[in-house]
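**Q** attaching a predicted model along with its sequence, questions to come.
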Amino acid sequence: MALICEDLSSYGVVLIPPDSQQYFDLLADIERRLQNRPVGAPPIGYAAVSRVSEHDTSGSAILVNRGKVAIAAVGYVWFRRLPNGNVATSSRSPGTNPSVLLPFLQRPQSRKFDAYWHTIFPGSKRLITLDGDMYGDNTDVRPPASDELLTGGFGTGSGRGSNDGEPFKLTLDGVFFVDGKFAGKDQLGSWDQLVASREAYLSVSDLARRTPASEFFAQMDRLSGLDKDRERAMRSALAPLPPRRLPPGSDIESIREYQRQCAARTALRMRNAQGEAAAVVAIARWLDIPGPELHRL
């Protein structure tokens, strides 16, 4: 069965299905580049390269950015037909992790690195697989500059989605461009998540500029939802945060409340790691690098 690809070609974001000869030409270039990584690039393990070489091509497609602006994040949905005839879906959404869209959450020394390795330049391509992975990088457009490489240690990860059943459709649900523009049907709610996250963090930054440190963190305790139990608050503030997104279909007020809590807990973690004075200064600086204004196309 030929894979149905629903892309955003009117915005320059195209999906190439595996029944196209162009697919295999593009795939061969992606494989070659994965096997010849520049020093300082995000590491790719042998298992990942093997998955690209050996994957079932019926459960994949290649995204090509034919637009004029780099892509910052992509949300997509796979549709699979199960043996009992039912249809199942699996999806990936951009989330609200540190990115060129939320640069105030990035480490300053990694911003140029992230802008090169975690975006899709015009003319670049990515293999999207049913497992929830995306392969490829911007070396197919230009080699990285010296300040777009890292010499220290850093980690990478990939999603492993369900691949039960026969894939029959891949839909691009939403695409954020690096200039803040967004295109897509957005059934995953990616737009509301990112907008609410940006608003929450910048609002916290503004509060840090206007409020004494002790009062600011008292408000963060209340905003985080952890203030009723001080011991639990400290423990939770030090623990890793949950993913910065809610399930698709969440109402806008729930999304906003969740993102306000995430922003407050980030502030508490910074206080515990740096001390009140240094944390307030760092949080107040978020407003100096707010990222691009977000706009729906």
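**A** It's in. Just so we're clear, the structure is a prediction, and the values are computed from it rather than from any experiment. Numbering: from 1, shown residues only.

**Q** checking Phe176 next. Helix, strand or coil?
**A** strand (DSSP: H, G, I helix; E, B strand; the rest coil).

**Q** that one and Leu127, how far apart?
**A** For Phe176, the distance to Leu127 equals 20 Å [CB to CB, to the nearest Å]. Using the backbone N, CA and C atoms, a C-beta is placed for each residue, glycine as well.

**Q** let's see the pLDDT reported for the closest residue to Leu207 other than its chain neighbours.
**A** In this structure, Leu207 finds its nearest non-sequential neighbour in Phe216, 6.2 Å apart by CB to CB, 6 or more residues apart in numbering. Looking at Phe216, its pLDDT is 97.

**Q** which residues does Gly59 contact?
**A** Counting by CB atoms under 8 Å, 6 or more residues apart in numbering, Gly59 touches Trp78, Thr129, Leu130, Asp131, Asn163, Pro167.

**Q** report pLDDT for Gly165.
**A** At Gly165, the model reports a pLDDT of 85.

**Q** and what of Phe121?
**A** Phe121 is assigned a predicted lDDT (pLDDT) of 98.

**Q** and Ser162, by the same measure?
**A** Confidence score, pLDDT, at Ser162: 60.

**Q** quick one, domains of this structure?
**A** Domain assignment for the chain by automatic domain parsing gives 4-188, 193-296.

**Q** next, count neighbours for the residue nearest to Leu207.
**A** Residues lying near Phe216 (other CB atoms under 10 Å) number 22.

**Q** repeat for Asp56
**A** For Asp56, the tally of surrounding residues (other CB under 10 Å) stands at 12.

**Q** how much space between it and Trp191?
**A** 32 Å.

**Q** repeat that for Gly85.
**A** Computed as CB to CB, the Gly85 to Trp191 distance reads 33 Å.

**Q** returning to that earlier point: among the contacts of Gly59, which are located in helices?
**A** If you go by DSSP state H, those have nothing in helices.

**Q** please name the residues that touch the residue nearest to Leu207.
**A** Going by CB under 8 Å, 6+ apart, the list of residues near Phe216 reads Leu207, Ala208, Ala267, Val280.

**Q** after the host helix or strand of the second one comes which helix or strand?
**A** Under the criterion DSSP states H and E, the helix or strand holding Ala208 is helix 190-210. Secondary structure here is assigned by DSSP H and E; on that basis, the next helix or strand after helix 190-210 toward the C-terminus is helix 213-224.

**Q** show me where pLDDT drops low in this structure?
**A** Applying pLDDT under 70 to the chain flags the ranges 45-51, 53-55, 151-163, 227-248.

**Q** for it, just list every one of the helices.
**A** Using DSSP H, helices in the chain cover 21-34, 46-54, 111-117, 190-210, 213-224, 230-238, 252-274, 276-284.

**Q** got the CA coordinates for stretch 122-130 in CSV?
**A** Backbone C-alpha positions of stretch 122-130 (Å, rounded to 0.1, in the frame of the first residue of the first chain) are rendered in CSV as follows:
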residue,chain,number,x,y,z
PRO,A,122,16.3,25.7,3.5
GLY,A,123,17.3,22.9,1.1
SER,A,124,18.0,20.4,3.9
LYS,A,125,16.2,17.1,4.4
ARG,A,126,15.2,14.6,7.2
LEU,A,127,14.2,11.0,7.3
ILE,A,128,11.1,10.6,9.5
THR,A,129,10.4,7.0,10.6
LEU,A,130,7.4,5.3,12.2
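
**Q** give the buried residues for that stretch.
**A** Under the neighbour-count criterion of 16 or more other CB atoms under 10 Å, stretch 122-130 has Ser124, Lys125, Arg126, Leu127, Ile128, Thr129, Leu130 buried.

**Q** what's near enough to touch the fourth one?
**A** With CB under 8 Å, 6+ apart as the criterion, the residues that contact Leu127 are Leu27, Ile30, Val52, Ser60, Ala61, Ile62, Leu63, Met134, Tyr135, Gly136.

**Q** which two among those residues are spaced furthest apart?
**A** Distance extremes for the contacts of Leu127: the farthest pair is Val52 and Leu63 at 14.4 Å, using CB to CB.

**Q** ok, and the closest non-adjacent residue to Ser9?
**A** Spatial nearest neighbour of Ser9, chain neighbours left out: Arg66 (7.8 Å); criterion: CB to CB, 6+ apart.
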